[in-house]
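In: Structural data only, the sequence is not supplied:
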């Protein structure tokens with residue numbers, strides 16, 4: 001499920017827990033971060049630098 005960062009961090013602060021943020025640079029690292037978050041049942045922030053837009057299909061990430 002996609003949720004905006006403000007909502008994730010507000011909930012984390014309210015409930016006193018940390019949220020992992022992963023710098024990703026290709027589809028495989030995105031999948032690894034999401035798989036880990038789903039396995040643990042925890043939210044995750046996916047950070048994708050603009051310089052990696054050519055190696056990660058953004059449209060594919062949203063489906």
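Out: That came in fine, so what should we check first? Since we're looking at a predicted model, the values are computed, not measured. Numbers count the residues shown, from 1 in each chain.
In: Kindly provide the distance from the residue lying farthest from the centre of the chain to residue 22.
Out: Of all residues in the chain, residue 14 has its C-alpha farthest from the mean position, at 19.7 Å, by C-alpha atoms, centre = their mean. For residue 14, the distance to residue 22 equals 23 Å [C-beta to C-beta, to the nearest Å]. C-beta: built from backbone N, CA, C; applies to glycine.
In: Which stretches in this structure count as helices?
Out: 5-15, 27-40, 58-61 (DSSP state H).
In: So which of those is the most surrounded?
Out: helix 27-40 (a mean of 13; mean count of other C-beta atoms under 10 Å).
In: just to revisit the earlier point, including mean pLDDT and distance to residue 49, could the helices of the chain go into CSV?
Out: Listed next are the helices of the chain as CSV, based on pLDDT from 0 to 100; distance: least, C-beta to C-beta, whole Å:
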stretch, mean pLDDT, distance to residue 49
helix 5-15, 95, 15
helix 27-40, 90, 12
helix 58-61, 62, 12
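In: Take the ones you listed and write them to TSV, including distance to residue 47.
Out: Listed next are the helices of the chain as TSV, based on distance: least, C-beta to C-beta, whole Å:
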stretch	distance to residue 47
helix 5-15	10
helix 27-40	9
helix 58-61	12
